[in-house]
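*Asks:* sharing a model prediction with you, sequence too.
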Amino acid sequence: MTRRIGVGICGLGTVGSGTFNLLRANADEMIRKTGIRFDIAQVGCRRDHPDCDLSDVDVTRDIFDVVKNPGVDVVAELIGGIDVAFELVMAAIGNGKHVVTANKALIAERGEEIFAAATAAGVSVRYEAAVAGGIPVIKAVREGLAGNRIDFIAGIINGTGNFILTAMSEPGSNRAFAEVLKEAQELGYAEADPTFDVEGIDAAHKLAILSAIAFGTPIRFDAMYTEGISAVTPADIRYADQLGYCIKHLGITRRGEDGIELRVHPALIDKTSMLAQVNGVMNAVMVGSEPAGVTMYYGAGAGAGPTASAVVSDIVDVGRAPLAVPNLGFDADSIRSMPVLAIDQTRCCFYLKLTALDKAGVMARISSVLGQHNISIESLVQRDARAGHAPVVIVTDEVQESELDAAITELQALPEVEEKVTRIRIESL
Ligand code: HSE
């Protein structure tokens, strides 16, 4: 016999409209799969969406009506932002409703309070759409790899940033950063405030969530190291290419003996690596675990359809078995804090670029500074010397970041070195 689950949709923007249309379009297929009719009981939105036929739907302009509606079993919070969304979700939980959200900022910054309230109220909070859009990576890590010990997660988890870096890396590309960003906004990929995309905050929200479900810790967005892509120049992309690398914006979390690494930053990766093949708005998440080994998940990380796919699959999960999986994938009583390593305690190889006077002895002085800090040089080359000045590109062996910082301070103090030294981490995943 077909059961009914009442769905309340709050927010009818890109994700809300995609969710509405998907629930309608695939209603019969979902009944076949689940035996459940997922009925849109009410939609709360400030204005109608031109792509949605709302003629036979209960529409309210007050989203808080939805969380009070007795016909709603699951509230889909798709309004974005933090403060009102938090109030809405807590009200839904308080009224005994399950919650599905696409809101990574909300989960990364207020998830602890939300999960505690949900556990106390005996309801579920699901957030697959918050990380990597249409890729079911939360489910993969939390459920598909439930028997594994996770060692690291690394990924390209912001579509807008990847879209921009890909466009800047195309052969002969001379597209300006702002122009490519505008295109990403028009395609509905970018956040309302696109600095969240280009400065890494969006990726940091997603990584904070992934790290918590990987290691069973509280969500530590507050401890994240975050660096954006706005300082990456066409010259860096070109030099990286000549060295056999491409530049990607990565989120990396890794469990080590002394604590967890939690960092978002641009990185040089080998052009032949799997993550280097992830282009445009696509996302990919690589998970290292034992005994499964390395697994990788690829797909569209943004846009109405892919994100709605994740929202609806959470609605299905909640309809089928609401409390089957703990919110963070670990029993609530066994979530444990682990120290998060400060970025200068992590170790990496580095790409350095500096502009130096093109005269005898300069390279020796640069090498000597690096040598004094025990930084071994894999390559050091001068490029495109012009009018007595030359960019110098250096690739180092692995070094602790605090040691590199000290060396860079000394390099910048050399009279022959002009401008700030550019440094980008090199990751071999
Ligand atoms: N602005 C985000 C991105 C949307 O570009 O990835 C999906 O979270």
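*Replies:* Cool, got the structure. None of these values were measured; they are calculated from a predicted model.
*Asks:* Val395 belongs to a strand?
*Replies:* Yes. Under DSSP: H, G, I helix; E, B strand; the rest coil, Val395 falls within a strand.
*Asks:* residues of the chain that sit close to the ligand?
*Replies:* Residues of the chain found near the ligand, taking C-beta under 6 Å from any ligand atom as the criterion, are 133, 158-160, 189-191, 197, 202, 301-302. From N, CA and C alone the C-beta is placed, and that goes for glycine too.
*Asks:* who wins for neighbours among those residues?
*Replies:* Asn158 (35 neighbours; other C-beta atoms under 10 Å).
*Asks:* phi, psi of that one?
*Replies:* phi -130, psi 110 (degrees, to the nearest 10).
*Asks:* hang on, isn't it packed against Ile201?
*Replies:* No. When contacts are counted by C-beta atoms under 8 Å, Asn158 is not listed as touching Ile201 (9.3 Å).
*Asks:* between the residues of the chain next to the ligand, which is nearest Val318?
*Replies:* Gly133 (19.1 Å; C-beta to C-beta).
*Asks:* make sure that closest one is indeed in a strand.
*Replies:* No. Per three-state DSSP, Gly133 lies outside any strand segment and is coil.
*Asks:* okay, it: pLDDT?
*Replies:* Looking at Gly133, its pLDDT is 91.
*Asks:* the one 4 residues further on too?
*Replies:* According to the per-residue confidence, Val137 scores 98 in pLDDT.
*Asks:* same question, Asp333
*Replies:* Model confidence at Asp333, expressed as pLDDT, equals 92.
*Asks:* ramachandran angles for it?
*Replies:* The phi/psi pair for Asp333 (degrees, to the nearest 10) is phi -80, psi -10.
*Asks:* for it, grab the count of nearby residues.
*Replies:* That count, for Asp333 with other C-beta under 10 Å as the rule, works out to 8.
*Asks:* so what's it up against?
*Replies:* By C-beta atoms under 8 Å, 6 or more residues apart in numbering, no residues touch Asp333.
*Asks:* and the gap between it and Thr119?
*Replies:* 10 Å (C-beta to C-beta, to the nearest Å).
*Asks:* cool, Ala214 as well?
*Replies:* Taking C-beta to C-beta, one finds Ala214 at 20 Å from Thr119.
*Asks:* of those two, who's got more company?
*Replies:* Of the pair Ala214 and Thr119, Ala214 is the one with more neighbours under other C-beta under 10 Å, namely 28 against 17.
*Asks:* okay, and the more buried one sits in which element?
*Replies:* helix 201-215 (DSSP states H and E).
*Asks:* mean confidence (pLDDT) on that helix, please.
*Replies:* On average, helix 201-215 scores 98.
*Asks:* chain center to that helix, what's the gap?
*Replies:* When distances are taken as C-alpha atoms, centre = their mean, to the nearest Å, helix 201-215 is centred 7 Å away from the chain's centroid.
*Asks:* other SSEs contacting the next helix-or-strand element following that helix?
*Replies:* Proceeding N to C from helix 201-215, the next assigned helix or strand is strand 225-226, under DSSP H and E. Helices and strands touching strand 225-226, as assessed by 3 or more C-beta pairs under 8 Å, 6 or more residues apart in numbering; DSSP states H and E, comprise helix 201-215, strand 260-270.
*Asks:* switch the cut-off to 7 Å
*Replies:* Counting contacts by 3 or more C-beta pairs under 7 Å, 6 or more residues apart in numbering; DSSP states H and E, strand 225-226 is packed against strand 260-270.
*Asks:* then the strand it packs on to CSV, C-alphas only?
*Replies:* Extracted C-alpha coordinates of strand 260-270, given in CSV (Å, rounded to 0.1, in the frame of the first residue of the first chain):
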residue,chain,number,x,y,z
ILE,A,260,43.6,16.7,11.8
GLU,A,261,44.6,18.8,8.8
LEU,A,262,41.7,21.0,7.7
ARG,A,263,42.6,23.3,4.8
VAL,A,264,41.3,24.9,1.6
HIS,A,265,43.7,26.5,-0.8
PRO,A,266,44.9,26.5,-4.4
ALA,A,267,47.4,23.7,-5.1
LEU,A,268,49.5,22.5,-8.0
ILE,A,269,48.6,18.9,-8.9
ASP,A,270,50.2,16.6,-11.5
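*Asks:* now do it: everything it contacts.
*Replies:* 200, 203-204, 207, 211, 215, 220, 223-227, 229, 232, 240, 244-254, 275-276, 338, 340-341, 343, 346, 351, 424-429 (C-beta atoms under 7 Å, 6 or more residues apart in numbering).
*Asks:* out of those, which end up buried?
*Replies:* Neighbour counting by 16 or more other C-beta atoms under 10 Å classes 200, 203-204, 207, 211, 215, 220, 223-227, 229, 232, 240, 245-254, 275-276, 338, 340-341, 343, 346, 351, 424-427, 429 among the contacts of strand 260-270 as buried.
*Asks:* which of the helices and strands in the protein ranks last by mean pLDDT?
*Replies:* One helix or strand of the chain scores below all others by mean pLDDT, DSSP states H and E: helix 177-186, with a mean of 85.
*Asks:* immediately after that helix, which helix or strand?
*Replies:* helix 195-198.
*Asks:* who are the packing partners of that following helix?
*Replies:* helix 159-169.
*Asks:* distance between the helix it packs on and the chain's centre?
*Replies:* 14 Å.
*Asks:* same thing with stretch 326-339?
*Replies:* On C-alpha atoms, centre = their mean, the centre of stretch 326-339 falls 21 Å from that of its chain.
*Asks:* and the end-to-end length of that stretch?
*Replies:* Its first and final residues considered, stretch 326-339 spans 23 Å by C-alpha to C-alpha, to the nearest Å.
*Asks:* enumerate the positions of that stretch that are buried.
*Replies:* Applying 16+ other C-beta under 10 Å to stretch 326-339 flags 326-330, 335, 338 as buried.
*Asks:* just put the residues you listed in CSV and tack on secondary structure and distance to Gln400.
*Replies:* What follows is those, written out as CSV (DSSP: H, G, I helix; E, B strand; the rest coil; distance: C-beta to C-beta, whole Å):
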residue, secondary structure, distance to Gln400
Pro326, coil, 36
Asn327, coil, 36
Leu328, coil, 31
Gly329, coil, 32
Phe330, coil, 31
Ile335, coil, 30
Met338, coil, 20
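*Asks:* wait, Ala85 touches Glu77, no?
*Replies:* Yes. Judged on C-beta atoms under 7 Å, Ala85 makes contact with Glu77 at a distance of 5.6 Å.
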